[in-house]
Each structure stands twice: as structure tokens, then as C-alpha cells.
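*Asks:* okay, predicted coordinates and the sequence, questions at the end:
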Amino acid sequence: MMSASLEVLRADITTLAVDAIVNAANSSLLGGGGVDGAIHRAAGAELLDFCRTLGGCETGEAKLSPGYHLPARYVIHTVGPIWQGGNSGEPEQLAACYKNALELAAQHDIRSLAFPSISTGVYHFPADAAARIAIDTVLTTLAQQPAIERVLFCCFSEADRARYAALLTVKDVNKPENPQ
Ligand code: APR
């Protein structure tokens, strides 16, 4: 039985006061553009100094850092697949990002976390397929991680927000009972 709440919102992920935000990084973990650049700018230079000690990150894996000047306590850095047509293991690698990020969160008593749409920007993973993988993998993994209470899909565009909202509406998601 899953007890976590799943939410979709349109926001700049660097503004979210959750236990952890997830960064769509590259394998160097030394920053970049997109959400990676936004997170490093908002967290401050200490984040890069810390990430230099992590020794990079494989595609599909996840590593933890403090959030520094972010409102989030932690950043979970994960590296999504670069889209190459879909027959090079990209779907499985993207699923691994969501699974490993949630499992890492559970190991560190992180109870609320926000995901961007990993790989759907610079890495060109088709947005619809990515959203389905994100939601399916989060639902499956949360069933094994009851300590996680809240997962936010933080979309940057209205199109992405609508995409996730539509998918979540049709999914059998246990909504928290509405407080009477
Ligand atoms: N908050 C939330 N989402 C954001 C933000 C933000 N501040 N900025 C961008 N996004 C969204 C994008 O609109 C896209 O939907 O994050 C999603 C992921 O896009 P990218 O940031 O381009 O990440 P990705 O496609 O995984 O490519 C990773 O890009 O920035 C570099 O260093 C990064 O090399 C890595 C690559």
C-alpha cells in the first residue's frame, strides 16, 4: 500500500522547500546548463566544490550533496540517458534515475523530494515517454519505500505540467484522504 502523495506543479525547482531536489546532471557532476545550471547558481559555489569530491556519476546512478543556499536540504544528482532513438537502453536508464534517486532518498531519511523532467531537455528524450517512465517508476519504487511521504513532479513548462497531470489522473494513485 503506497502512502506517499504525488503532486504535479509548474515551478522553478530551485525554489522548492522540500527535503531534496533532484538534479538532471551530466556524468562529470561539474555543472552545465538547464536545471543543472539553475541548481548550481542557486546553491552557490560550495555545491561545485562538493561535487568535485564525488568523482562523477554513471548514467542512471544517483549521488547526494548538501543543498547549501537552496531551500532544499539536499540535492540528489542523477544522470539521465542521452536519447539515441530508444534502442540503446535509454528507457531502462531513465527508469534507473528515478528508482535510484528514491532509494538514495530513503537511505538518508529524505521524506519529500522533487523531480525535474530528467533527460527531456538537452538530452532530447521524448517528453511523453519520459513522463510515463517517471510516473510508473516512481509508483513502483514508492511501494517499496513507505518512508517517503511526498514526491513532486516539478515541471518547467505548462505543456509538461499538463502532460504529467493527465497521466497521474488516469493512474491508480492512492490520493491521501481529504482531511474532513
Ligand atoms: N526548474 C525545473 N525544471 C527545469 C529548470 C528549473 N529551474 N530548468 C530547466 N528545467 C527543465 C527543462 O525544461 C527540462 O524539462 O528540466 C528538464 C530537463 O532539461 P535539462 O536541464 O536540459 O536536462 P537534461 O535534458 O537531463 O540534460 C542534461 O544538460 O544542463 C545540462 O549539465 C546538464 O549535461 C547535462 C544535460
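*Replies:* Here it is on my side, so go on.

*Asks:* and the strands in this structure?
*Replies:* Here the chain has its strands, by DSSP state E, at 5-10, 20-25, 62-66, 74-79, 112-115, 150-155.

*Asks:* right, so of those strands, which gets closest to the ligand?
*Replies:* strand 20-25 (3.4 Å; CB to the nearest ligand atom). (C-beta placed from N, C-alpha, C; glycine too.)

*Asks:* between the helix or strand of the chain with the lowest mean pLDDT and strand 150-155, how big is the angle?
*Replies:* Across the helices and strands of the chain, mean pLDDT, DSSP states H and E gives its lowest value to helix 158-170, namely a mean of 94. Angle, helix 158-170 to strand 150-155, by axes from the mean of the first three to the mean of the last three CA atoms, to 10 degrees: 140 degrees.

*Asks:* who's in contact with helix 158-170?
*Replies:* For helix 158-170, contacts defined as CB atoms under 8 Å, 6 or more residues apart in numbering pick out 6, 8-10, 117, 120, 127-128, 131-132, 134-135, 153, 155.

*Asks:* before we move on, back to that, would you turn the strands of the chain into JSON lines with mean neighbour count and mean pLDDT?
*Replies:* Conversion of those to JSON lines gives the following (neighbours: other CB atoms under 10 Å; pLDDT from 0 to 100):
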{"stretch": "strand 5-10", "mean neighbour count": "17", "mean pLDDT": "97"}
{"stretch": "strand 20-25", "mean neighbour count": "28", "mean pLDDT": "99"}
{"stretch": "strand 62-66", "mean neighbour count": "19", "mean pLDDT": "98"}
{"stretch": "strand 74-79", "mean neighbour count": "26", "mean pLDDT": "99"}
{"stretch": "strand 112-115", "mean neighbour count": "24", "mean pLDDT": "98"}
{"stretch": "strand 150-155", "mean neighbour count": "23", "mean pLDDT": "98"}
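
*Asks:* export these to CSV and tack on distance to the ligand?
*Replies:* Shown next, in CSV, are those (distance: least, CB to the nearest ligand atom, whole Å):
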stretch, distance to the ligand
strand 5-10, 9
strand 20-25, 3
strand 62-66, 13
strand 74-79, 8
strand 112-115, 8
strand 150-155, 5
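
*Asks:* kindly export the least confident helix or strand of the chain (C-alpha atoms) in PDB.
*Replies:* In PDB, the C-alpha atoms belonging to helix 158-170 read as follows (Å, rounded to 0.1, in the frame of the first residue of the first chain):
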ATOM      1  CA  GLU A 158       2.800  24.300 -18.800                       C
ATOM      2  CA  ALA A 159       2.900  21.600 -21.500                       C
ATOM      3  CA  ASP A 160       4.900  19.400 -19.200                       C
ATOM      4  CA  ARG A 161       2.700  20.100 -16.200                       C
ATOM      5  CA  ALA A 162      -0.400  19.200 -18.300                       C
ATOM      6  CA  ARG A 163       1.300  16.000 -19.500                       C
ATOM      7  CA  TYR A 164       2.100  14.800 -16.000                       C
ATOM      8  CA  ALA A 165      -1.300  15.800 -14.600                       C
ATOM      9  CA  ALA A 166      -3.100  13.900 -17.400                       C
ATOM     10  CA  LEU A 167      -1.000  10.800 -16.800                       C
ATOM     11  CA  LEU A 168      -1.500  10.900 -13.000                       C
ATOM     12  CA  THR A 169      -5.200  11.400 -13.300                       C
ATOM     13  CA  VAL A 170      -5.500   8.100 -15.200                       C
END
